[in-house]
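[1] Dropping a prediction and its sequence here:
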Amino acid sequence: MAQLHLFGSKGGALALAVLVWWCKLVVGLRYNFWFLHLYFFTLCHYPQKMFKEGKHKGEY
């Protein structure tokens, strides 16, 4: 009955909303981690690779 009262109050509803949001965030990060990793890897590594290849060919 205490849990029912807790979730019936505004504080309980807010806590539940935060918990649901946190779960969505964690699951979202878990699925989007590889996409973010690939994006940052491409963003950081690819320009360096292009720059090194350009210098290696004698182009600045």
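    All right, it came through fine. For clarity, every value in this text was computed on a predicted model and none was experimentally measured.

[2] Please count neighbours and contacts with C-alpha atoms only from this point.
    Will do.

[3] pLDDT weak spots in the chain?
    Along the chain, segments meeting pLDDT under 70 span 1-8, 47-51, 53-60.

[4] For it, just list every one of the helices.
    When secondary structure is read from DSSP state H, the chain shows helices at 2-8, 10-56.

[5] Using JSON lines, lay out the ones you listed together with mean neighbour count.
    Supplementary listing: the helices of the chain in JSON lines, determined by neighbours: other CA atoms under 10 Å:
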{"stretch": "helix 2-8", "mean neighbour count": "10"}
{"stretch": "helix 10-56", "mean neighbour count": "12"}
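
[6] Can I get stretch 14-21 in CSV? Just the C-alpha atoms.
    The C-alpha atoms that make up stretch 14-21 are tabulated as CSV, following Å, rounded to 0.1, in the frame of the first residue of the first chain:
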residue,chain,number,x,y,z
LEU,A,14,8.1,12.4,-11.0
ALA,A,15,10.4,9.6,-9.7
LEU,A,16,8.7,7.1,-12.1
ALA,A,17,9.1,9.6,-15.0
VAL,A,18,12.8,10.1,-14.2
LEU,A,19,13.3,6.3,-13.9
VAL,A,20,11.6,5.7,-17.3
TRP,A,21,13.7,8.6,-18.8
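
[7] Make 55 the starting number, not 1.
    New numbering, starting at 55: the last item is stretch 68-75.
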